[in-house]
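Chemist: This is a predicted model, with the sequence first.
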Amino acid sequence: MDPGNTVGLAIFDLSGREILISSAKSVDMNWAIDRILDSGTPVIIATDVTPAPSYVKKLASVFSAKLFVPRRDMSVRLKDELTKTFTFNNDHEMDATAAAIYALKHYAQTFKKVDERVPAELRDFVKAGLVLGEFASIDDAMRTLDRELHETKVERRRAERKTDIDVSKLFERIAELKRAYARLLVENDELKRTLRILKNRPKIVVREESCARLKVEIEHLKELVEKFKNASLEKFYEVVEIDNYGKSAVLSANVSGKIVRVLKNTGNPKYLEDVKLIIANFPIDVGVPVVSEDNVNLIKVENKLYIRKDEVEKILRYHSGFLNWIKKYKKRYHGEK
């Protein structure tokens, strides 16, 4: 973060991939809160100066994130070196980006060990836990995850016998509550400063009660998600996204037998010969069913895409029937086998 009259904001994931770089003039903290929540759950809030500005401290407190402050103010030379591959609209975006990259470098050795020892789908969870002090070590994290995985399997079997919940709507509700909760915390802090002058205690009590109530509801919905998401998603196939169908993109995604969404019409179709179904807005001649994105219903849960199994089976049946009709037509009118 780079606060001021113009606020600079840079968001990266824990693998160092850029998510958002932006800035805005004369905006309040809710501008930053909305963009952070739209991008995920923050683990580290970083600044390029020491001591940390009150704006950055407050933001870290709102999200219960780790506040990263350099030992001394970052020099212009260091910022230029860290951000030389980026393009910015102003210095505020550069300062925010430099702070984020510098914080990631601080944790680079820890994150490298996590990447070497932890399965890909659990790495961000373990990294966040180590940064926030929820795990004492990687071994402690893996023991905890093994225990929770066992408990989740037990809960999943119970949930499967009870009900089926739309997980995507639960996540949407949680995101809404997080946003409202974060805003209330900021407003609550501002009201406390005003109340120190006006000595009007009742208003702050109402705000604090609202925050507490929202926090309880968020935790309750989180428990519901964990309890039912696996059972609900059993009716869905996960959709693998690849930027193109070139060799490296296909092999790295391990698409064999899966539903694949292709974003760009470049590559060699032969690398898609063993996928189950292709979702693309352009033709790919490979002998595998290809369906337009406009003709399927995709849902997004925790940044992953899913499609209903019954919808996929319907598409495959139609494709199989159409191919059989073509074969019969060729045999009847052209004598082809």
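Modeler: Looks like it came in fine.
Chemist: contacting residues around the residue nearest to L59 when sequence neighbours are not counted?
Modeler: Closest residue to L59 apart from its sequence neighbours, by CB to CB, 6 or more residues apart in numbering: I45 at 5.4 Å. Backbone N, C-alpha and C define where each C-beta goes, glycine included. By CB atoms under 8 Å, 6 or more residues apart in numbering, I45 lies in contact with M1, V56, L59, A60, F63, A65, K66, L67, F68.
Chemist: Buried ones among those residues?
Modeler: Buried members of the contacts of I45, scored by 16 or more other CB atoms under 10 Å, are M1, V56, L59, A60, F63, A65, K66, F68.
Chemist: The fifth one touches S39, doesn't it?
Modeler: No. With contact defined as CB atoms under 8 Å, F63 and S39 do not form a contacting pair (11.8 Å).
Chemist: picking up where we left off before, so how far is I11 from the residue nearest to L59?
Modeler: 10 Å (CB to CB, to the nearest Å).
Chemist: go on, I299?
Modeler: From I299 to I11 the distance is 24 Å (CB to CB).
Chemist: do N5 as well
Modeler: According to CB to CB, N5 stands 21 Å off from I11.
Chemist: okay, the two: which has more neighbours?
Modeler: I11 (21 against 8; other CB atoms under 10 Å).
Chemist: So that one lies in a strand, does it not?
Modeler: Yes. Counting by DSSP: H, G, I helix; E, B strand; the rest coil, I11 is part of a strand.
Chemist: Name whatever forms a beta bridge with it.
Modeler: For I11, the beta-bridge partners under DSSP bridges are L20.
Chemist: Surely it is in contact with S39?
Modeler: Yes. Between I11 and S39 there is a contact at 4.9 Å, judged by CB under 8 Å.
Chemist: Overlap of the contact sets of those two?
Modeler: I19, L20.
Chemist: give the contact list for D285.
Modeler: P269.
Chemist: and what of A24?
Modeler: T6, V7, W31 are the contacts of A24 under CB under 8 Å, 6+ apart.
Chemist: State the helix or strand in which the last one lies.
Modeler: What that stands for is W31. helix 29-39 (DSSP states H and E).
Chemist: Direction included, what does the helix or strand just after that helix pair against?
Modeler: For helix 29-39, the following helix or strand on the C-terminal side (DSSP H and E) is strand 44-46. Note on strand 44-46: by DSSP bridges, its sheet partners are strand 66-68 (parallel).
Chemist: What is whichever helix or strand comes after the partner strand packed up against?
Modeler: For strand 66-68, the following helix or strand on the C-terminal side (DSSP H and E) is helix 76-82. In this structure, helix 76-82 makes packing contacts with helix 91-106, judged by 3 or more CB pairs under 8 Å, 6 or more residues apart in numbering; DSSP states H and E.
Chemist: mean confidence for the helix it packs on?
Modeler: Mean pLDDT, taken over the full extent of helix 91-106, equals 96.
Chemist: hmm, who's touching the next helix or strand along the chain from it?
Modeler: Using DSSP H and E, the next helix or strand after helix 91-106 towards the C-terminus is helix 108-117. Identification of contacts with helix 108-117 by CB under 8 Å, 6+ apart yields L14, S15, L104, R123, V126, K127, L130, V131, I138, M142.
Chemist: can you give me the end-to-end distance of stretch 67-79?
Modeler: 19 Å (CA to CA, to the nearest Å).
Chemist: Quick one: residues in contact with it.
Modeler: Contacts of stretch 67-79 (CB under 8 Å, 6+ apart): 44-52, 56-57, 60, 94-95, 98-99, 102-103, 106.
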